[in-house]
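Undergrad: Prediction below, plus the sequence it came from.
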Amino acid sequence: MDERTDAGRRLELFSNLAPLLSCPCPVLLTSRPSHFVERGELNHLLGTLLDADTKIGARRQTRGASSAGDDLRIALVNRFRETRPGRTAAVHFATQSSAIYRLRSLTKAQIRTFVTARQDDLRGVGSSPSAVVKFIDKTYDLTDLATRPMLLAFIVESVIIGALDPNQSEELGASGLYDNYTQTKLELDVAKGPTRAQGLSVELRRRMAEELAVILYNDGVLETSFEDVLPRLIAAVHEVREVRRAQGLSLEEIATDFATSSFITLSDDGECRFVHKSLRGF
């Protein structure tokens, strides 16, 4: 999924997946929620793609009345083709045989299980799972950060490569850890492919995230309408306007670029918030 996208481009990209989504085999399609910037966009995409799949197997002769042979051919194609045609198939998929799930954050027990699985690597650097878990628990708000699988992996890997000693946490402090991990996450998103390097830079994404945190703090809320807050963010970070003019970015493209790489998540009703309060505070 490109970052420089709008709703129309996302529909175009998803159309490439339509044969997979409507085949008889079970399909699991994963994505971060913030890829769908507009309210109800995911449900709309699924309905549009499957409802539009009406051509194959439903064609009749354009001249004259249909024959018994035509009806037989159509019935056989519809029965044995991999992707089912027509509006009935679309309705069935959207309402009966599909479901949208959101992954919850890791629990304390799951965090401990994850860390314990790396005990041999930790032992190799003179540490242990219990030392890492204790370090997470005692470091300000790091417990929140560790509930995200990728960020938990950052913490454990930092110990394994010798960059972090759980027994000497004052070397970096909570602020130093957050700074390192958030910057790493931003750079990893950009490094995923050529299209990720277009649009907003790592620094602009960080600055917009910081501005969003200030807006939420001043407004006294934990979440706000993404549609309403986006113009405020662009107005506050004037370099975004310069990049928009230089690259010809649309408002939707900026919204997608920011939403997918700035530690925020979007709800079905269009509200945005940081994935954890600790990240907003940082």
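TA: The structure has been received and is ready for your questions. Please read these numbers as outputs of a predicted model, since none were measured by experiment.

Undergrad: how close does Thr147 sit to Thr260?
TA: Using CB to CB, to the nearest Å, Thr147 is found at 20 Å from Thr260. C-beta here means a position set from N, CA and C on the backbone, and glycine is covered the same way.

Undergrad: quick one: which of those two has more around it?
TA: Neighbour count, other CB atoms under 10 Å: between Thr147 and Thr260, Thr260 has more, with 22 against 19.

Undergrad: That one reaches Leu186, doesn't it?
TA: No. Under the criterion of CB atoms under 8 Å, Thr260 makes no contact with Leu186, lying 11.0 Å away.

Undergrad: List the contacts of Gln183.
TA: Val202, Arg206 (CB atoms under 8 Å, 6 or more residues apart in numbering).

Undergrad: so which helix or strand takes in it?
TA: Element membership of Gln183 [criterion: DSSP states H and E] is helix 173-190.

Undergrad: what mean pLDDT would you report for the helix or strand following that helix?
TA: On the C-terminal side of helix 173-190, the closest following helix or strand by DSSP H and E is helix 202-219. Mean per-residue pLDDT for helix 202-219: 91.

Undergrad: Buried residues in helix 202-219, which are they?
TA: Under the neighbour-count criterion of 16 or more other CB atoms under 10 Å, helix 202-219 has Val202, Leu204, Arg205, Arg206, Arg207, Met208, Ala209, Glu210, Glu211, Leu212, Ala213, Leu216 buried.

Undergrad: Am I right that Cys272 is in a strand?
TA: Yes. Assessed by DSSP: H, G, I helix; E, B strand; the rest coil, Cys272 belongs to a strand.

Undergrad: Which positions within the helix holding Gln183 qualify as buried?
TA: Under 16+ other CB under 10 Å, the buried positions of helix 173-190 are Ala174, Leu177, Tyr178, Tyr181, Thr182, Lys185, Leu186, Asp189, Val190.

Undergrad: And the helices in the stretch 51-200 of the chain, which stretches?
TA: Here the stretch 51-200 of the chain has its helices, by DSSP state H, counting those that start in this stretch, at 68-80, 86-95, 108-116, 119-123, 129-138, 142-145, 149-160, 173-190.

Undergrad: Pick out the shakiest of those helices, pLDDT-wise.
TA: Averaging pLDDT over each of these puts helix 86-95 lowest, since it has a mean of 41.

Undergrad: Count the residues that sit near the residue lying closest to Leu200 once chain neighbours are set aside.
TA: In space, and not counting its chain neighbours, Leu200 is closest to Asp257: 4.7 Å by CB to CB, 6 or more residues apart in numbering. Per other CB under 10 Å, the neighbour tally for Asp257 reads 27.

Undergrad: Touching, Asp257 and Met208? I think so.
TA: No. With contact defined as CB under 8 Å, Asp257 does not count as touching Met208 (9.4 Å).

Undergrad: list the residues that contact both of the two?
TA: Shared contacts of Asp257 and Met208 (CB under 8 Å, 6+ apart): Leu200.

Undergrad: follow-up on the earlier one: between the buried residues of helix 202-219, which is nearest Ser31?
TA: Arg205 (18.7 Å; CB to CB).

Undergrad: Identify the residues contacting Leu251.
TA: Leu251 makes contact with Leu230, according to CB under 8 Å, 6+ apart.
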